[in-house]
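A.B. asks: Here you go, sequence then predicted model.
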Amino acid sequence: MEHNGQKVKKIQSSFAGVLDNVSETLGKIGGLAILLMVILVTFNVISRKIFNWSMPGFYEILGLIGAVFYSFGIVYGATKGQHIVMDMVVNRLPKNWRKICEMLTRIIILAFCGLLAYAGIDVTLGMLEERTYDIKIPVAPFRFVVVTVFVLLALLILAGKNISKGGEEE
């Protein structure tokens, strides 16, 4: 018969596995967004030079694709432990102090993720009708992508991902 602690660890492990799969998918979509941005920039530069024509709404489209790329990159980078981490001082502390610092860091990141998600939802709901200036693409879905990323990042931390060391679980 399994103990409750083992059940919790099993659930936490499967939850972390789902988040890993979501992160991998978002990383691939983010990579495709980068590729699309490069293609659009190249096309726009060539069309301006050869045909003296620029793609309508070019900067708007690039900005919206950038929101996807940067947002998905946050989750993917956190899962892979590729974010910039300043642990030079923390690594020199005794093990007990390091654990305390890591716990405080997790709490601070969770608080920021919560605040950014809350503010993002609040702002986005207040601007549901907003569209880009030139080509009139709705902006809200892209804003919700950013909000979703902060929720996913918080879930990664709650699932036990150590976002500063290659994504190993604690």
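C.D. replies: Now that the structure is in, tell me what you want to look at.
A.B. asks: give me the low-pLDDT residue ranges for the chain?
C.D. replies: Using pLDDT under 70 as the threshold, the predicted model of the chain has low-confidence ranges 1-2, 8, 12, 82-86, 162-170.
A.B. asks: need the longest helix for it.
C.D. replies: The longest helix of the chain (DSSP state H) is helix 4-51.
A.B. asks: Going along the chain, name the helices of the protein.
C.D. replies: According to DSSP H, the chain carries its helices in the segments 4-51, 58-80, 95-126, 140-158.
A.B. asks: Pipe those into a markdown table and attach distance to M88 per row.
C.D. replies: The way it works is simple: take the backbone N, C-alpha and C, and place the C-beta from them, glycine included. Putting those into a markdown table (distance: least, Cβ to Cβ, whole Å) gives the following:
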| stretch | distance to M88 |
| --- | --- |
| helix 4-51 | 27 |
| helix 58-80 | 20 |
| helix 95-126 | 12 |
| helix 140-158 | 22 |
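A.B. asks: Which of those sits closest to D134?
C.D. replies: Relative to D134, the nearest member of those by Cβ to Cβ is helix 58-80, separated by 5.7 Å.
A.B. asks: Serialize the helices of the chain to JSON lines and add fields for distance to Y133 and mean neighbour count.
C.D. replies: As requested, the helices of the chain are exported to JSON lines (distance: least, Cβ to Cβ, whole Å; neighbours: other Cβ atoms under 10 Å):
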{"stretch": "helix 4-51", "distance to Y133": "17", "mean neighbour count": "13"}
{"stretch": "helix 58-80", "distance to Y133": "7", "mean neighbour count": "19"}
{"stretch": "helix 95-126", "distance to Y133": "18", "mean neighbour count": "13"}
{"stretch": "helix 140-158", "distance to Y133": "14", "mean neighbour count": "19"}
